[in-house]
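Engineer: How does the following fold in three dimensions:
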Amino acid sequence: MAEESILTDDFLRELMNVGEVDILVGVPTFNDARTVGQVVQAIRAGLLKYFPRQRAVIINADGGSKDETQELVRAASISDLQHGSNLPALRTLHCISTRYSGPPQGGNALHTIFAAGDLLRASACAVVAADSTSIEPEWLDRLLRPVTRDNFDLITPLYRRHKFDGLLVRNLVYPMSRAIYARQIREPYASEFAFSGRLNTHFLSAESPQYGESGNEFNLLVAAISGGFRIAQAFLGDKTRLDQPPSDLVQAMRQTVAPLFGSLERNFPYWSNDGQPQPIPAIGPVPELNLEPLRINRKRLFQMFTHGVSELRPVFEVILSPTTYAELQRAAAKSEDQFSFKDELWVRTVYEFAASHHKEVINRDHIIQALAPLYRGRAYTFLVENRDASSEQVEENVEGLCRTFERLKPYLLDMWERK
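Structural biologist: Predicted coordinates:
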């Protein structure tokens, strides 16, 4: 049973008025008034077109928006959509907007959606980001159909991205999670995904970290892998968002790398066993990369790497082995046109950071922050090596890095258990 204490009395009353459902679609929001109306309309269109006979509800979990996000969600009524689209609704399609308790964090929003899905006994659930402006009604079919028809338990997305989009995922999160958990899942931290009621119940009842923390998407993925649930990936299309501001790298690493490192401790009995990476079924075409020119300040990345290697010496001497840090110093001493952060050095660096995170050699958040300048050096190398690369060449380079993470997994185990 869901942890009802996280659901407000008003929200519980609304859920009880809805009753049990077949499908639940969750939309986490925080000040998303510019895009949420478009997203909710696409979700409604998708549910009405592809699942007209199922009992469905849209749950908006809001973090206390100061704009009109919740009002716009409520205003997107089913009757308005029916008049405009001629899509017949054979069952009532409910839409509820609730303000969850606690700070506006993705973990709190997802926990609210998970708990609501469990309470309503939804057999299939999906989560859609409120700023996914490229969403089409077909996304709902591609995410939910494998759960409702083919008995999959988790559907993660495949997107068509620019070849330099998602550098942190391509250079660290995807290859390391693939090596550790032996599943080739391209979007470990998906903003759109679907899951079965079985997996939702398993996730809520299992021992998990605090739900308010970041990484609930990844924790759900690990629960599905370790629990033997059926997983597939579905191609959705282009992934674009409206006016994305420059990302805060440290915050991005707190939301992705820190949960990945943290998962190692909780799941050590599972991942410490040898296991060959298993491909995951892909539904739909394999997306090609967008190769349009993109301006990125590579020089700035290199400068921040060399500055970090020098200025953070006392920290690196605690986190890294003497051999690895010496290699980083030699690399940082080279000129920009001679510099290269090779795959093997990068993988050993990441694995030593993960082991030090486990041992808490210093404050764990400081460990994550210290990895940021080194990642910038790796990102610089990726940009240079793939500047003129084709889509196939980029994929070959990512695959080569994944194999290095897999080959050096025993090194992580050695560092993990070394005193």
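
Engineer: CA atoms for contacts and neighbours, from now on please.
Structural biologist: Fine.

Engineer: CA atoms only for stretch 128-148, dumped as CSV, please.
Structural biologist: Below are the C-alpha coordinates for stretch 128-148, written out as CSV (Å, rounded to 0.1, in the frame of the first residue of the first chain):
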residue,chain,number,x,y,z
VAL,A,128,6.0,13.0,-18.9
ALA,A,129,8.1,16.1,-18.3
ALA,A,130,6.2,19.4,-18.4
ASP,A,131,8.7,21.1,-20.6
SER,A,132,8.9,18.4,-23.4
THR,A,133,7.6,20.7,-26.1
SER,A,134,8.3,18.1,-28.8
ILE,A,135,5.8,15.7,-27.4
GLU,A,136,3.3,14.1,-29.8
PRO,A,137,0.1,12.1,-28.8
GLU,A,138,2.0,9.0,-30.2
TRP,A,139,4.4,9.1,-27.3
LEU,A,140,1.6,7.8,-25.0
ASP,A,141,1.1,4.8,-27.3
ARG,A,142,4.8,4.1,-27.6
LEU,A,143,5.3,4.3,-23.8
LEU,A,144,2.2,2.6,-22.5
ARG,A,145,1.3,0.0,-25.2
PRO,A,146,4.2,-2.3,-24.3
VAL,A,147,3.1,-2.3,-20.7
THR,A,148,-0.6,-2.8,-21.4
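
Engineer: any idea how far that stretch is from the chain center?
Structural biologist: Here stretch 128-148 is found 15 Å from its chain centre; the criterion is Cα atoms, centre = their mean, to the nearest Å.

Engineer: again, but for stretch 393-408
Structural biologist: 20 Å.

Engineer: Which residues belonging to it are considered buried?
Structural biologist: Judged by neighbour count (16 or more other Cα atoms under 10 Å), stretch 393-408 contains these buried residues: 394-395, 397-398, 401-406.

Engineer: Distance to G275, secondary structure and pLDDT for those - can I get that in a markdown table?
Structural biologist: Rendered in a markdown table, the data for the buried residues of stretch 393-408 read as follows (distance: Cα to Cα, whole Å; DSSP: H, G, I helix; E, B strand; the rest coil; pLDDT from 0 to 100):
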| residue | distance to G275 | secondary structure | pLDDT |
| --- | --- | --- | --- |
| V394 | 26 | helix | 90 |
| E395 | 23 | helix | 90 |
| N397 | 22 | helix | 95 |
| V398 | 20 | helix | 95 |
| L401 | 18 | helix | 98 |
| C402 | 14 | helix | 97 |
| R403 | 13 | helix | 97 |
| T404 | 15 | helix | 98 |
| F405 | 13 | helix | 97 |
| E406 | 10 | helix | 96 |
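
Engineer: got CSV for those residues, with distance to R160 too?
Structural biologist: Formatted as CSV, the buried residues of stretch 393-408 follow (distance: Cα to Cα, whole Å):
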residue, distance to R160
V394, 14
E395, 13
N397, 18
V398, 16
L401, 20
C402, 20
R403, 23
T404, 25
F405, 24
E406, 25
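
Engineer: out of the residues you listed, who's nearest R170?
Structural biologist: V398 (6.7 Å; Cα to Cα).

Engineer: Just want to check the distance between that closest one and L371.
Structural biologist: Separation of V398 from L371 (Cα to Cα, to the nearest Å): 20 Å.

Engineer: same check, this time on V27
Structural biologist: 32 Å.

Engineer: Neighbour count for these two, which is higher?
Structural biologist: V27 (27 against 19; other Cα atoms under 10 Å).

Engineer: Work out for me the element the more buried one sits within.
Structural biologist: strand 23-29 (DSSP states H and E).

Engineer: so where's the chain uncertain?
Structural biologist: 1-5, 76-91, 207-214, 240-247, 287-295 (pLDDT under 70).

Engineer: Check it and tell me which residue is nearest its centre.
Structural biologist: Centroid-nearest residue in the chain, with Cα atoms, centre = their mean: Y189, separated by 1.0 Å.

Engineer: In a strand, that residue, correct?
Structural biologist: No. Under DSSP: H, G, I helix; E, B strand; the rest coil, Y189 falls outside any strand and is assigned coil.

Engineer: from what I can see A224 touches F152, true?
Structural biologist: No. Judged on Cα atoms under 8 Å, A224 makes no contact with F152 at a distance of 10.5 Å.

Engineer: so who does the residue nearest to the centre of the chain touch?
Structural biologist: 215, 217-218, 256 (Cα atoms under 8 Å, 6 or more residues apart in numbering).

Engineer: change it to 7 Å
Structural biologist: By Cα atoms under 7 Å, 6 or more residues apart in numbering, the residues touching Y189 are 217-218.

Engineer: how's the protein carved up into domains?
Structural biologist: Domain assignment for the chain, taken from automatic domain parsing, gives 4-283, 298-417.

Engineer: so what's V73 up against?
Structural biologist: 36-37, 40, 97 are the contacts of V73 under Cα under 7 Å, 6+ apart.
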